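K.L.:
With the input below, show me the fold.
(2 chains)
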Amino acid sequence: MASVAPAISGPHQYLQAQTRWSRVEIAFWLATLLPFVVAPNYLVLASQVAITALFALSLDLILGYAGIVSLGHAAFFGFGAYTAGIISKYGWGEPLSGLLISGIAAGLLGYLMSFVIARFRHLALIMITLGFGFLLLEAANSASWLTGGADGLQGVRMWPLLGIFKFDLWGVTSYWYSLIVLFLLFLVSRRLIHSPFGLSLRGIRENIVRMRAIGAESRAHLQKVYTISAAMAGIAGAVLTQTTETVSLGVLDFQRSADLLVMLILGGAGRLYGGIVGAILYMVARDQFSGINPQYWYFPIGVLLIAVVLFLPNGILGGLAKITASERLQKWMRTLPPWLRGAS
Amino acid sequence: MKKMLAGLAGVAALAFASVAQAQDTIKIGVILTLSGQFADAGVQMQNGIMTYVKEHGDTIAGKKIELIFKDTGGVAPDIAKRLAQELIVRDKVDILAGFVLTPNALAAADVSAEAKKFMVIMNAATSIITTKSPYSVRTSVTLPQVAETFGNWAAKKAGVKKAYTMVTDYGPGHDFEAAFQRAFKEAGGDIVGSVRFPVANPDFSAFVQRAKDINPEAIMIFIPGGAQPAALGKAFAERGVDPSKIKILGSGETTSEQALKSMGDSSLGIITAWHYEYTDKSNPKNVSFVKLFNDMHKRNPDFFSIGGYDGMHLIYESIKKTNGKTDGDSLIAAAKGMKWDSPRGPMSIDPETRDVVQTIYIRKVEKVNGQPQNVSFDKIQNVKDPVKARMPK
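P.N.:
Okay, here's the model as predicted:
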């Protein structure tokens, strides 16, 4: 808004202005509660949307902000999912601690991988992450004594959440649980992105050589964000295991990584809400299209993807931002009463 | 005011009508893999289901049958479980059916157990699936049912004393290997060696040569369809493995319609054990089933189709028996012990394990009208799932 612009003078003010919650954001998070009232029959889907959104957010951190292209992010998702499943199978079905352990486990794996990741860019990264994903899938496949192999892990039983809320058939507990986890980790990401650390990540994305030239340590930054992203992906996987009480090789599948990338592109990479909007759009579109035609539902999704890439190259959110930033709209906005304009 | 009242009455009438309608239809939620790598299996099962509905109409015990198809897109128990939940909560289905893949069936079985819904597994072949829900029943086949029967047959009837096993290195391959070896050894046979090859293996020469060097009396193979049977057949021919000297044994998938086409003459002499063969003309039920299937779908049925077809038969007959009652307890009670003549031959549902009991056919690939075809020459009747027979009751 024109009235805000003169207030930004230094980098601190810039960052502070970014962290302010806009009305659109508040409205968005309030809207995530709507399924409880409007569509109580869709809560199971809603909880899986929230999980996927969290997964997409984790990819957005590395891809959208740090420029680390990854085609194997399902490795961490799957690692977290299996960790949560295995500890529950061997007698510890408490969800919250299970979530924490899975997140730490996936984060550790991410930390180890980050030594390799931080050394490469672009195409080489695609190959490395892809290969890493396949390696983990094959490892899980052959370690069938631990993972159950192709049949999936059997005997995952979760205790009620906080000892009170059972994971029910209608998905009420599942949705509350996944939504709260998503919101908390979103807060973490938001803080991260709007910190000087987040700013330097964007610098690395734009020009890694120049970042080094101005004395910013890029490798340590990349390792840090990759580890955080891996832990988040692992937590997303763990929530999926806990709310569905199943794990199979599907969680490590390449298809999952690829779908995730599609969601992020749909929503808009490099935007906090990009992954979330993309996940909502993809999952709901998939649910509706496959309800109409269970065999060829990929077709309309393909059309959607082409249309978005063609007309909104920065994703749906990127397109929206462009529209709201246009001169004509700004002019028109100024004619609106102030409470309608929002704080964006 | 009058208008408003009329409107209200209209709304009430509508609401009543929708309730009445709900009581007159029975909804079946069918969870399949209709896209991705396993799409063809799901499509063939759907074809089998639709063939049965076409043949027997869509009204049973005065109620209309409504089928709702859902796609899991591959190995995805999380999605399968969600779809099962949604079908019950949102679409209010009375019966769950379908299930091509084991992990998906296992996940949905939890939902069936919790919601007390009748569940018909039309393919997934791992033994334990039916133990997960007391409302589930299977109309396809179990892997050990074929593998152990075959192992026993090879040692006792075919007189094989030394066998070598070659399987694809993945879940079903391992299960088949273990089951075959177990039954073969129990029947007095000796496994002289075994090998597992990668899922996407382009050349089998080295594996076949190794097997040939050991000189067993029989080689048991288990490979999924696709391009692999042709490559394996080629390797057998090149390395000079003569099926008349060293018996080549396999499961039904090894010599499926597509596999036989790609293998050509190198498939001649392979002996397989399986529960269904579409070319079987000795059973008039099968002849009419294949004819209707060909007319409807312009292709031949396979074991996915027969699983779907017989699954629908079980659903229809159970509903008839309960006189339209669709709660899980009534339907499973009706399904237990059900016996019928299927295109695959006589089959029944074991009242104790709710699993399929059927004839396993031993077939040999021979030339019929110039085309390689599975010709049945021996059969073992009333085969139960051996794994569940061993489980403590």
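K.L.:
Tell me if stretch A:304-322 is near chain B.
P.N.:
No: figure legend: stretch A:304-322 not in contact with chain B (Cβ under 8 Å from any Cβ of the partner chain); closest approach 15.5 Å. Just so you know, the C-beta spots here come from the backbone N, C-alpha and C atoms, and that holds for glycine as well.
K.L.:
So for the spatially closest residue to B:Lys132 that is not a sequence neighbour, what pLDDT did the model give?
P.N.:
With sequence-adjacent residues excluded and distances taken as Cβ to Cβ, 6 or more residues apart in numbering or on different chains, B:Lys132 is closest to B:Ala109, at 3.7 Å. At B:Ala109, the pLDDT value in this model is 92.
K.L.:
show me where pLDDT drops low in the stretch 151-300 of chain B?
P.N.:
B:225-227 (pLDDT under 70).
K.L.:
can you list contacts of stretch B:342-350?
P.N.:
The contact list for stretch B:342-350, computed with Cβ atoms under 8 Å, 6 or more residues apart in numbering or on different chains, reads B:137, B:139, B:275-276, B:283, B:285-286, B:289-290, B:306, B:309-310, B:313-314, B:335-341, B:355-359, B:361, B:379, B:381, B:384-385.
K.L.:
The residue nearest to B:Lys132 - how many residues pack around it?
P.N.:
27 (other Cβ atoms under 10 Å in any protein chain shown).
K.L.:
Provide a list of residues in contact with it.
P.N.:
B:119, B:129-130, B:132-133, B:136.
K.L.:
Kindly recompute the last result at 6 Å.
P.N.:
Each residue near B:Ala109 by Cβ atoms under 6 Å, 6 or more residues apart in numbering or on different chains is listed here: B:132-133, B:136.
K.L.:
ok, it to B:Asn286 distance?
P.N.:
Distance, B:Ala109 to B:Asn286, by Cβ to Cβ, to the nearest Å: 30 Å.
K.L.:
for B:Lys185, same thing?
P.N.:
Counting by Cβ to Cβ - B:Lys185 and B:Asn286 are separated by 35 Å.
K.L.:
Who has more neighbours out of those two?
P.N.:
Neighbour tally, B:Lys185 and B:Asn286, criterion other Cβ under 10 Å: the higher count belongs to B:Asn286, 21 against 14.
K.L.:
Could you verify my assumption that that one touches B:Tyr278?
P.N.:
No: B:Asn286 is beyond contact range of B:Tyr278, at 7.3 Å (criterion: Cβ atoms under 6 Å).
K.L.:
I'd like to know which helix or strand in chain A has the lowest mean pLDDT.
P.N.:
Least confident helix or strand, chain A: helix A:338-341 with a mean of 62, by mean pLDDT, DSSP states H and E.
K.L.:
Show me the domain layout of chain B.
P.N.:
B:2-141+B:284-354, B:144-274+B:360-390 (automatic domain parsing).
K.L.:
do stretch A:144-156 and chain B meet?
P.N.:
Yes: shown here: stretch A:144-156 in contact with chain B (Cβ under 6 Å from any Cβ of the partner chain) through A:149-152.
K.L.:
I should have written stretch A:276-287 there, sorry.
P.N.:
No: between stretch A:276-287 and chain B, judged by Cβ under 6 Å from any Cβ, nothing touches; the nearest distance is 8.5 Å.
K.L.:
for chain A, which helix is longest?
P.N.:
Longest helix in chain A, counting residues (DSSP state H): helix A:218-244.
K.L.:
Going by neighbour count, list what's buried in that one.
P.N.:
A:218, A:221-244 (16 or more other Cβ atoms under 10 Å in any protein chain shown).
K.L.:
which residue ranges form the helices in chain B?
P.N.:
B:2-24, B:39-56, B:77-89, B:102-115, B:143-156, B:171-186, B:205-214, B:228-238, B:257-263, B:284-297, B:303-322, B:328-335, B:386-390.
K.L.:
Of these, which is nearest A:Arg20?
P.N.:
helix B:77-89 (37.1 Å; Cβ to Cβ).
K.L.:
What average pLDDT does the closest one get?
P.N.:
Mean predicted confidence for helix B:77-89 is 89.
K.L.:
now stretch B:302-310
P.N.:
Rounded mean pLDDT across stretch B:302-310 is 93.
K.L.:
so which helix or strand takes in the closest residue to A:Leu266 other than its chain neighbours?
P.N.:
Distance criterion Cβ to Cβ, 6+ apart; nearest residue to A:Leu266, sequence neighbours excluded, is A:Gly278 at 4.2 Å. Following DSSP states H and E, one finds A:Gly278 within helix A:274-292.
K.L.:
For whichever helix or strand comes after that helix, give me every contacting residue.
P.N.:
Next along the chain after helix A:274-292, taking DSSP H and E as the criterion, comes helix A:298-311. With contacts defined as Cβ under 6 Å, 6+ apart, helix A:298-311 is touched by A:266, A:289, B:35.
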